[in-house]
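Asks: no sequence on this one, just coordinates:
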């Protein structure tokens, strides 16, 4: 019985850890060579605009905020610069890719960000 309990806890921790893949790092959005840096700041996970070929881009601007883990996904807010508004975002990390689902009203939009080579 003790072996079964230990085995169960080991398997559960492996599954839980793999579902909690970190978002930290540099991510390419695919538009205008834009790179977002996701890191911890003041004990919160957030994303800031690191670089872009867009002259109007505000480097250092917070793009992702209020990120929290919910099972195998991350929930938070993403800033839409064109509309100057915050929207709900759901992020799923798949190794070298982040899948983002942005919700606004009854509509949603899906994006993919790729891991940038450091």
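Replies: Received it, and whenever you're ready, just let me know what you need. Keep in mind it's a predicted model, so treat the numbers as computed, not measured.
Asks: Three-state assignment for residue 57, please.
Replies: Secondary structure state of residue 57, per DSSP: H, G, I helix; E, B strand; the rest coil, is coil.
Asks: Burial check on the nearest residue to it once chain neighbours are set aside, number of neighbours?
Replies: In space, and not counting its chain neighbours, residue 57 is closest to residue 49: 5.9 Å by C-beta to C-beta, 6 or more residues apart in numbering. Every residue, glycine included, has its C-beta placed from N, CA and C. Residues near residue 49, counting by other C-beta atoms under 10 Å, number 21.
Asks: Ok, residue 61 next?
Replies: 12.
Asks: Do a quick rundown of the helices in the protein.
Replies: Secondary structure of the chain (DSSP state H): helices at 2-19.
Asks: worst-scoring helix or strand of it, pLDDT-wise?
Replies: In the chain, no helix or strand scores lower on mean pLDDT, DSSP states H and E than helix 2-19, which sits at a mean of 47.
Asks: and the residue nearest to residue 57, what is it in contact with?
Replies: 34-36, 57-61, 63 (C-beta atoms under 8 Å, 6 or more residues apart in numbering).
Asks: change it to 6 Å
Replies: 57, 59, 61, 63 (C-beta atoms under 6 Å, 6 or more residues apart in numbering).
Asks: And for residue 104?
Replies: residue 87.
Asks: Restricted to buried residues, select the contacts of residue 49 in PyMOL.
Replies: Applying 16 or more other C-beta atoms under 10 Å to the contacts of residue 49 leaves a buried subset, and the PyMOL line that selects it is:
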select buried, resi 63
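Asks: Considering the contacts of residue 49, which is situated nearest to residue 85?
Replies: residue 63 (12.5 Å; C-beta to C-beta).
Asks: what pLDDT does that closest one get?
Replies: pLDDT recorded at residue 63 is 97.
Asks: What are the neighbouring residues in contact with it?
Replies: 36, 47, 49, 79.
Asks: Which strand residues bridge the third one?
Replies: It refers to residue 49. Applying DSSP bridges to residue 49 yields these beta-bridge partners: residue 36.
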